[in-house]
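# Sequence below, structure please.
(one chain, ligands or ions: 1)
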Amino acid sequence: MSVKQNVKNVQASISEACQRSNRNPEDIKIIAVTKYVSIETANEAVIAGIKHLGENRIEEGLDKWNAIGDNVGWHFIGNLQSKKVKKMIHAFDYIHSLDRLSLAKEIDHRMREGRKMKCFVQVNVTGEESKSGIAPNEVTSFIEELKKFDSIEVVGLMTMAPYVEDTESLRPAFKKLRQLKEEVKEKKWLHAPCQELSMGMSNDYEIAIEEGATFIRVGSSLVGKEN
Ligand SMILES: *Cc1c(COP(=O)(O)O)cnc(C)c1O
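Residues are numbered from 1 along each chain as shown. Now for the predicted structure:
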């Protein structure tokens, strides 16, 4: 199926999930995750109307950024080594994987004076050993500590659910992330407006939307998979 048709299909599913949960489809932003595909295919997504692209590797992300440019928002969604921040920071608008103070410190150090990096704090809601992210009970204190870094803006929380067949079973995890987001938002910290929820991938974005996602990260069912 063409990328254009995939985009239409995903938009239709978003509308249905919004209807079920009384939400406005305009409040859900699609990040096309292009880590599996070429620059050409990523560009097809942009032509089909996609406004946000997500990458989890720096070299590939920079290649696409160079080719496609700044008319879309660039999201870094993978594990980020501190020593690599310097290379990528000029190209990306959002980092979805902030999960430690040492990384925050490096981002702060590398950002240009007066500018802010929009960050999502990654939370390991389900406690899987293999996943990175802050434990749920440490989220608030972690975000409070980020206050000392002038260039960090915590726009929201992000999680990655495990792959399961029964996606309904993920609902509690998404609910939990939303609760945590509300807790942080209620603090009204200037450095952490925390209004966004980055959750939901190809397998589970409909449930994530029903539970409050504002950014969904969709790869395979949007742009497919190439080598
Ligand atoms: C790969 C990836 C996605 C997209 O995965 P699909 O299942 O192909 O939609 C979303 N988020 C993160 C963090 C990823 O690494």
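# what about Phe120, which helix or strand?
Using DSSP states H and E, the element containing Phe120 is strand 117-122.
# then that strand to CSV, C-alphas only?
This file holds the C-alpha atoms of strand 117-122, laid out as CSV (Å, rounded to 0.1, in the frame of the first residue of the first chain):
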residue,chain,number,x,y,z
MET,A,117,15.1,22.0,23.9
LYS,A,118,11.6,20.5,24.1
CYS,A,119,12.0,17.3,26.0
PHE,A,120,9.8,14.4,27.0
VAL,A,121,10.8,12.5,30.1
GLN,A,122,10.8,8.8,29.3
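# What residues of the helix or strand that that strand is followed by count as buried?
The helix or strand immediately downstream of strand 117-122 is helix 139-145, counting by DSSP H and E. Residues 139-140, 142-143 are the ones in helix 139-145 that count as buried (16 or more other CB atoms under 10 Å). Just so you know, the C-beta spots here come from the backbone N, C-alpha and C atoms, and that holds for glycine as well.
# Out of the residues you listed, which is nearest to Val223?
Val139 (31.1 Å; CB to CB).
# burial measure for the residue nearest to the closest one when sequence neighbours are not counted, as a count.
In space, and not counting its chain neighbours, Val139 is closest to Leu180: 5.1 Å by CB to CB, 6 or more residues apart in numbering. For Leu180, the neighbour count with other CB atoms under 10 Å is 23.
# So Leu180: helix, strand or coil?
Leu180 carries the three-state label helix when classified by DSSP: H, G, I helix; E, B strand; the rest coil.
# Count the neighbours of the nearest residue to Ser2 once chain neighbours are set aside for me.
Nearest residue to Ser2, sequence neighbours excluded (CB to CB, 6+ apart): Glu44, at 7.7 Å. The local packing of Glu44 (other CB under 10 Å) involves 20 other residues.
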